[in-house]
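**Student:** Show me how the following folds:
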Amino acid sequence: MPYIVFKGITRSDDPIFDIVNPLPKDSKRLDIPDNFMISSLLFAIPFALLCFLAMIWKTYMNSYFPFNKFIIPLGIILGFLCTFIHEFLHALPYPKDQAAYIGFIPKGLIFYMKCAAPLRRNRFILMSLLPVILGMIPLAIFLIFPARWTTLNTIMWIMAVMGLISPAPDYMNVYYVLKDVPADASIQDGENGLYWYQD
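**Tutor:** Modelled structure (predicted):
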């Protein structure tokens, strides 16, 4: 695990975003759509459907709607706070001799984890998908516990939705990495996005 630097609230022009390691001459830019956030929403659709199907299934199986509308704000707050854990999980696969910066940019409501170190392709995929556990665990709890435990079910379902939809940009990164990057390649941040190269 790298050395974690919690930056907290960060300006979008903070110097840490300019930190990049030199890239080999044969590096190739990962071809990701320019309208990154909008394009990534397509990758969230299956996970949103999964959560709603889980809600429908649990309601049908128990003939009881397992939701408490008064608890919704608490679920949203907890899901929002888990975003910092999301970014922390992204940092875990990076080398221990590197620094990983974690913070929040109010302009655009963007949470981030920034580390300049390269990762091998499969490790990059692991890094990208680790935060999915923040959605899968609450979804499993929602499905397992009794329908009449509406407070727990409401919190877990909302956290599952937020935990599975928020990695949409990560899902998209993984898609393009699997599509375009050889298994023996390394991936790292560059000045204009993600780059890959073979050692």
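
**Student:** contacting residues for the residue most central in space within the chain?
**Tutor:** Geometric centre of the chain, nearest residue: Pro167, 3.1 Å, by C-alpha atoms, centre = their mean. Residues in contact with Pro167 (C-beta atoms under 8 Å, 6 or more residues apart in numbering) are 86, 128-129, 131-132, 135. To be clear about C-beta, it is placed using only N, CA and C from the backbone, and glycine gets the same treatment.

**Student:** With Gly79 instead?
**Tutor:** 158-159, 161-163.

**Student:** let's go with 7 Å and repeat that
**Tutor:** Counting by C-beta atoms under 7 Å, 6 or more residues apart in numbering, Gly79 touches 158-159, 162-163.

**Student:** Next: Gly8.
**Tutor:** Listed by C-beta under 7 Å, 6+ apart, the contact set of Gly8 reads 103-104.

**Student:** ok, back up a step: considering the contacts of Gly79, which possesses the most neighbours?
**Tutor:** Counting neighbours by other C-beta atoms under 10 Å, Gly163 comes out on top of the contacts of Gly79 with 26 neighbours.

**Student:** And for the closest residue in space to that one that isn't next to it in sequence, the neighbour number?
**Tutor:** In this structure, Gly163 finds its nearest non-sequential neighbour in Gly135, 2.9 Å apart by C-beta to C-beta, 6 or more residues apart in numbering. By other C-beta under 10 Å, 24 other residues sit near Gly135.

**Student:** so Gly135 is in which element?
**Tutor:** Per DSSP states H and E: Gly135 is located in helix 133-144.
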